[in-house]
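J.: got a predicted structure here, sequence first:
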Protein chains: 2
Amino acid sequence: MAGKVAERRAALRENLVLIAERTIAQQGLSALRARDLASEAGCAVGAIYNVFGDLTDLVLTVNARTFHRLGADVAEALADAPQDPVEQLVIMAQAYHRFAAENHLAWRALFDVERARGEAAPDWYLEEMGRLFTYIADPLAVIFPGRAPDEHALLTRALFSSVHGIVLLGLDQASSGVPTEDIDRMIALVLRQFTASAK
Amino acid sequence: MAGKVAERRAALRENLVLIAERTIAQQGLSALRARDLASEAGCAVGAIYNVFGDLTDLVLTVNARTFHRLGADVAEALADAPQDPVEQLVIMAQAYHRFAAENHLAWRALFDVERARGEAAPDWYLEEMGRLFTYIADPLAVIFPGRAPDEHALLTRALFSSVHGIVLLGLDQASSGVPTEDIDRMIALVLRQFTASAK
DNA sequence: CCGTATAACTGAACTATGTTCAATAGAGGG
DNA sequence: CCCTCTATTGAACATAGTTCAGTTATACGG
């Protein structure tokens, strides 16, 4: 029987990803342990290293899926949004917030992976990020028609970073619990105020 | 001789903080190791635990100092700034960026400490953050005189978070190296645009 | 100045973690 | 059916933070 090995490997891989995804979502990145993973998957610890180079590889795989779901949520919100470009920005940003709040630990894991110094970000990360940036850049082009392309790129990145910062610090425990509504208000405040003087 | 013990304890404490500070600044939080620390300080590993509850305590002490230096830098920038409140915001934000860039690993350590779930942020953190917020709130009150106090608080937090997000993602390697000037441009862009329609 | 109670300091040992690799088991070809 | 070769296993290794019984040093009363 050809491919019996490859088949089992693929099944194990899938299984490990699902278990890791659930663990991260429920208990956070730091709760991911090789031995627990192996025991839940019904395999030896070493088997993990036949399928993934190390645990970081596995986490990156989970992160790719998380990031993809995030992108899909934002895209869906955009699809349902009205034509007004400012409203589109607000709705997308609030969808970002909603995803981060509802998938807090998985979302945190996106940024908490130890990136080996100097190592480039994985392709899927850059692609997904590029997609998000496009969602932002399009309404921005409508709102600020007169500006140079490089300024558009800067604006896009700046607004994404701003919303990310608001959500990050807003959801952070250390900031002693900003209510969800306040986070949405801050997002709307910044985006509306930012775009208020455009025309 | 009274206090000989307390004296040595204090000296060891000081020494450990300095060594930890240097290690974090030069090699990052993850390079901080109890055994290295003890060997550099010329004491036993156990001695660290006579002075600090655990390594996180030590890191928090270093972080308090880092945060204090950060606050001082921003305050200094504000003191040298012109009267114009928008300019004041821009200059403070760029000072924040400068500090983060010049003390990258120490600055990262401020946010990378594992906070035990549910544990409150330490007092010094809240105090220093409050000071930073005041620096921001004052010019904002001049720029937006008509708004309610709770909206001012929200605005303050939103702007701080936005700048933080821009600096965070800008300095992040994964974002494939945003040039320093671009970070400053994004900061100025967001703050100027945000405040442009105020009057 | 000495003896004793108290406290601090030591570092080997314990626990927990990711990772490796010699030994084993099993698949696929002849 | 046997043989080879590879995938799989899990005990062992490396490296962490942390603990604590034993040791050493201090402070203080007499």
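T.: On my side now, so go ahead. Residues are numbered from 1 along each chain as shown, chains lettered A, B, ... in the order given.
J.: list the contacts for whichever residue of chain A sits closest to chain B?
T.: Residue nearest to chain B within chain A (Cβ to the nearest Cβ): A:Gly165, separated by 2.1 Å. (Each C-beta comes from the backbone N, C-alpha and C, glycine too.) By Cβ atoms under 8 Å, 6 or more residues apart in numbering or on different chains, the residues touching A:Gly165 are B:161-166, B:168.
J.: residues touching the residue minimising distance to the centre of chain A, list them.
T.: Compute the mean C-alpha point of chain A, and by Cα atoms, centre = their mean the closest residue is A:Phe67, 3.7 Å away. Going by Cβ under 8 Å, 6+ apart, A:Phe67 touches A:110, A:124-125, A:128.
J.: kindly recompute the last result at 7 Å.
T.: A:Phe67 sits next to A:110, A:125, A:128 when contact means Cβ atoms under 7 Å, 6 or more residues apart in numbering or on different chains.
J.: same list, these, but as TSV with neighbour count, distance to chain B and secondary structure please.
T.: As requested, the contacts of A:Phe67 are exported to TSV (neighbours: other Cβ atoms under 10 Å in any protein chain shown; distance: Cβ to the nearest Cβ, whole Å; DSSP: H, G, I helix; E, B strand; the rest coil):
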residue	neighbour count	distance to chain B	secondary structure
A:Leu110	20	10	helix
A:Tyr125	18	7	helix
A:Glu128	19	12	helix
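J.: help me confirm that A:His68 comes into contact with A:Met129.
T.: No: using Cβ atoms under 7 Å, A:His68 makes no contact with A:Met129, being 11.6 Å away.
J.: compare these two (neighbour count), which wins?
T.: Using other Cβ atoms under 10 Å in any protein chain shown, the more surrounded residue of A:His68 and A:Met129 is A:Met129, with 19 against 14.
J.: avg pLDDT for stretch A:121-138?
T.: Computed over stretch A:121-138, the mean pLDDT rounds to 93.
J.: just the CA coordinates for that stretch, please, in CSV.
T.: Output in CSV follows, covering the C-alpha atoms of stretch A:121-138 (Å, rounded to 0.1, in the frame of the first residue of the first chain):
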residue,chain,number,x,y,z
ALA,A,121,8.5,37.1,8.6
PRO,A,122,6.8,34.1,6.9
ASP,A,123,5.2,34.6,3.6
TRP,A,124,1.6,33.9,4.8
TYR,A,125,2.1,36.7,7.3
LEU,A,126,3.2,39.2,4.7
GLU,A,127,0.4,38.1,2.3
GLU,A,128,-2.4,38.3,4.9
MET,A,129,-1.1,41.6,6.2
GLY,A,130,-1.0,42.9,2.7
ARG,A,131,-4.6,41.9,2.2
LEU,A,132,-5.6,43.8,5.4
PHE,A,133,-3.7,46.8,4.2
THR,A,134,-5.6,46.7,0.9
TYR,A,135,-8.9,46.8,2.7
ILE,A,136,-7.7,49.9,4.5
ALA,A,137,-6.0,51.6,1.6
ASP,A,138,-9.1,51.5,-0.7
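J.: any buried residues in that stretch, and which?
T.: By 16 or more other Cβ atoms under 10 Å in any protein chain shown, the buried positions in stretch A:121-138 come out as A:122, A:125, A:128-129, A:132-133, A:135-137.
J.: now do stretch A:14-29
T.: A:15-17, A:19-21, A:23-25, A:28-29.
J.: so which of those residues are in helices?
T.: Among the buried residues of stretch A:14-29, the ones falling in helices (DSSP state H) are A:15-17, A:19-21, A:23-25.
J.: got the residues of chain A near chain B?
T.: Where chain A comes near chain B, counting by Cβ under 7 Å from any Cβ of the partner chain, the residues are A:115, A:121, A:125, A:154-155, A:157-158, A:161-162, A:164-166, A:168-170, A:173-174, A:176, A:182, A:185-186, A:189-190, A:193-194, A:196-197.
J.: thinking again about what came up before, of the contacts of A:Gly165, keep whichever come out buried.
T.: Here, 16+ other Cβ under 10 Å leaves B:161-166, B:168 buried among those.
J.: near DNA strand D, which residues of chain A are found?
T.: A:5, A:8-9, A:12, A:43-47, A:49-50 (Cβ under 7 Å from any atom of the strand).
J.: can you pick out the most distant pair from those?
T.: Maximum pairwise distance among these (Cβ to Cβ): 19.3 Å, between A:Val5 and A:Val45.
J.: anything in whichever helix in chain A runs longest near DNA strand C?
T.: When chain A is parsed with DSSP H, its longest helix is helix A:55-80. Yes: using Cβ under 7 Å from any atom of the strand, helix A:55-80 comes into contact with DNA strand C via A:55-56.
J.: could you tell me how far that helix lies from the centre of the chain?
T.: 5 Å (Cα atoms, centre = their mean, to the nearest Å).
J.: among the buried ones among the contacts of A:Gly165, name the ones in helices.
T.: Among these, the members found in helices (DSSP H) are B:161-166, B:168.
J.: closest one to DNA strand C out of these, please.
T.: When these are compared for distance to DNA strand C (Cβ to the nearest atom of the strand), B:Leu168 wins out at 25.7 Å.
J.: residues touching that closest one, list them.
T.: A:Gly165.
J.: same question, A:Val113
T.: Neighbours of A:Val113 in contact, by Cβ under 7 Å, 6+ apart: A:56, A:59-60, A:63.
J.: let's see that with 6 Å instead.
T.: Applying Cβ atoms under 6 Å, 6 or more residues apart in numbering or on different chains to A:Val113 gives the contacts A:Val59.
J.: so it versus DNA strand D, what's the distance?
T.: Distance, A:Val113 to DNA strand D, by Cβ to the nearest atom of the strand, to the nearest Å: 19 Å.
J.: state the pLDDT value of that residue.
T.: Per-residue confidence (pLDDT) for A:Val113: 90.
J.: again with A:Ala174
T.: 67.
J.: what sits against the residue nearest to A:Gln26 when sequence neighbours are not counted?
T.: Once flanking residues are discounted, A:Gln26 sits nearest to A:Leu105: 7.2 Å by Cβ to Cβ, 6 or more residues apart in numbering or on different chains. Neighbour list for A:Leu105: A:24-25, A:28 [criterion: Cβ under 6 Å, 6+ apart].
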